[in-house]
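A.B. asks: I would like to see how this sequence folds:
(one chain, ligands or ions: 1)
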Amino acid sequence: MSRIPLIAGNWKMFKTVDETVKYVKELRGLVKDIQGVEIVLAPPFTALHPAAEAARNSNVAVAAQDMFWEREGAFTGEISAHMIREAGAEFVIIGHSERRTLFGETNTTVNRKVLAAFAAGLVPIACIGETLDQRERGETFDVLDRQVQQGLDGVSAERIGQLVIAYEPVWAIGTGRTATSDQAQEAHAHIRSRLRQWFGPEAAEACHVIYGGSVKPDNIRDLIVQPDVDGALVGGASLDIRGFAEIVTKSRASAA
Ligand code: 13P
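C.D. replies: Have a look, this model is predicted:
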C-alpha cells in the first residue's frame, strides 16, 4: 500500500492564538524525526496564520475547519479558500458532521466547497458518516453512497487521488464510543469500492480514507493496521499535545 498515513487534529472551537503557537512549537519538536506520517492540525480560523507560521519548515501542515466557495464578496462572516491558502494552510475540512447538523450543510454545499477548495490549491478533507439511527436501520452504505456521489460530483479522477475522505460515524464523535476496527474497515472498504466504481482504480487507490470518532492513543493501532484505514481525524484527543504526538507515533507503518 503506497498511501502514507495521515493524522489530522481537528481542534473544533478550542485554543487561542497564544495556545496554538505554543502547541505547534512544542509539537514540531516532538515529531521532527517522524517520517512516513503526514501530520495536520486544524485550529480555528483566528489561529490559522499563526499556526502556519509556527509550523513553517516542519513536517506539520495546517488545515482550516471550513470555508465558503466564493472567492470574495458580500458574505459577512465567511472565509474563502483563497484566503485560507494565503494564510498558509494546505488542507481544509469540509462537511464535518457538526457543520451538517448544527449549521445546515448538505451534500450540495459540500460539493461546492470541495470544488472550490481544489480550485484554490487546497486539499479537501471531506467528511462523511452515518448517524446511529441510520446505522440501526441498515442504511449506512446508502448514506455513504449519497454523501460520496453528491459530495464529489464533478470532481476529476485525478483530484480524487489527491483527496482525503474522513469517515466519521456520527455516533462515535465525542462519545468515547469508537467504531470497532472491523466496522471501520468495512465502511472504508465500501467507500473505496465506490471510488473504484465511479472514479477508477487509480483514483481509488490513491485517495486517503481516514477514520474519525473517539480516536485515542490506545485505539489508533487497531484502526491504522486495517488495510483501508489510511489515518485518523482526531478531535478531543488532539487537544492534548502528548496524546496527539503518541497517536502520530503509533501510526507509522513500522510502529509495533
Ligand atoms: P472526537 O475525536 O472528539 O470524537 O471527534 C472526532 C471528530 O469529530 C474529528 O473531526
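A.B. asks: Downstream of the helix ranked longest in the chain, the next helix or strand is which one?
C.D. replies: If you go by DSSP state H, the chain has its longest helix at helix 181-199. Per DSSP states H and E, the first helix or strand lying C-terminal to helix 181-199 is helix 201-206.
A.B. asks: Could you give me the buried positions within that next one?
C.D. replies: For helix 201-206, the neighbour count (16 or more other CB atoms under 10 Å) marks Ala203, Ala204, Ala206 as buried. (Glycine included, C-beta is placed from N, CA and C.)
A.B. asks: Quick one: name whatever helix or strand follows that helix.
C.D. replies: Using DSSP H and E, the next helix or strand after helix 201-206 towards the C-terminus is strand 208-212.
A.B. asks: Quick one: list the elements packing against the helix or strand just after that following strand.
C.D. replies: Following strand 208-212 in sequence order, the next helix or strand is helix 220-224 (DSSP H and E). Where contact means 3 or more CB pairs under 8 Å, 6 or more residues apart in numbering; DSSP states H and E, helix 220-224 is packed against helix 181-199, strand 231-234, helix 241-250.
A.B. asks: I'd like the C-alpha coordinates of the longest helix of the chain written as CSV, please.
C.D. replies: The C-alpha trace of helix 181-199 is given here as CSV (Å, rounded to 0.1, in the frame of the first residue of the first chain):
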residue,chain,number,x,y,z
SER,A,181,-11.7,-1.8,13.7
ASP,A,182,-13.9,-4.2,11.8
GLN,A,183,-16.7,-1.7,11.5
ALA,A,184,-14.2,0.9,10.3
GLN,A,185,-12.6,-1.4,7.8
GLU,A,186,-16.0,-2.5,6.4
ALA,A,187,-17.1,1.1,5.9
HIS,A,188,-13.7,2.2,4.4
ALA,A,189,-13.6,-0.8,2.1
HIS,A,190,-17.1,0.1,0.9
ILE,A,191,-16.1,3.7,0.3
ARG,A,192,-13.1,2.6,-1.7
SER,A,193,-15.1,0.2,-3.8
ARG,A,194,-17.4,3.0,-4.7
LEU,A,195,-14.5,5.3,-5.6
ARG,A,196,-13.1,2.5,-7.8
GLN,A,197,-16.5,2.1,-9.5
TRP,A,198,-17.1,5.9,-10.0
PHE,A,199,-13.6,7.3,-10.5
